[in-house]
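Engineer: Sequence and computational prediction follow.
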Amino acid sequence: MIAVILASGRLDRLYTALSLLVSTAAEGEPARGLATFEALAPLLDDQLLARALRREETPALSEPGRATFARTLVELRDTAAELPDCRIWACAAAVETTGLEPGARLDGVLSTPRFLRETGDARLVVV
């Protein structure tokens, strides 16, 4: 199992975290994620594609590269929600302090200690 803590709101890091989760789950291995403070808003953003297309959100990318990145980022987020072996929760403290609700995109709310207990001996990655 892989356990990924999504800690950054930077879209390139969100892309990396989702890539880890999706590729692991697609290979039949359980993948678990916990979206914390900064990562929660972009992960829940209904306008993620438009957000990723803005130059200020992805300054290192070329214009054609930005379009590919944005499309793939949204596909990764959607695929993560569909894969049965991939589950992502919103961090309880992040939900409480940001006012954001996990909605249908995430598997609910979980505290960090509980996430760590439930993922046990998983490979832990913080992105």
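Structural biologist: Perfect, thanks for sending it.
Engineer: Spell out which helix or strand contains the residue nearest to Pro84 when sequence neighbours are not counted, please.
Structural biologist: Nearest non-adjacent residue to Pro84, counting by Cβ to Cβ, 6 or more residues apart in numbering: Ala25, 7.8 Å away. Any C-beta I mention is one placed from the backbone N, CA and C, and that applies to glycine too. For Ala25, the element it lies in under DSSP states H and E is helix 11-26.
Engineer: Summarise which helices and strands the helix or strand just after that helix is packed against.
Structural biologist: Where DSSP H and E defines the elements, the next helix or strand beyond helix 11-26 is strand 31-35. Under the contact criterion of 3 or more Cβ pairs under 8 Å, 6 or more residues apart in numbering; DSSP states H and E, strand 31-35 touches strand 2-6, helix 11-26, strand 86-91, helix 112-119.
Engineer: strand partners of strand 31-35, parallel vs antiparallel please.
Structural biologist: Sheet pairing of strand 31-35 (DSSP bridges) gives strand 2-6 (parallel), strand 86-91 (parallel).
Engineer: could you give the angle of the longest one to helix 11-26?
Structural biologist: In other words, strand 86-91. 140 degrees (axes from the mean of the first three to the mean of the last three Cα atoms, to 10 degrees).
Engineer: Give me the mean pLDDT for strand 86-91.
Structural biologist: Averaging pLDDT along strand 86-91 yields 98.
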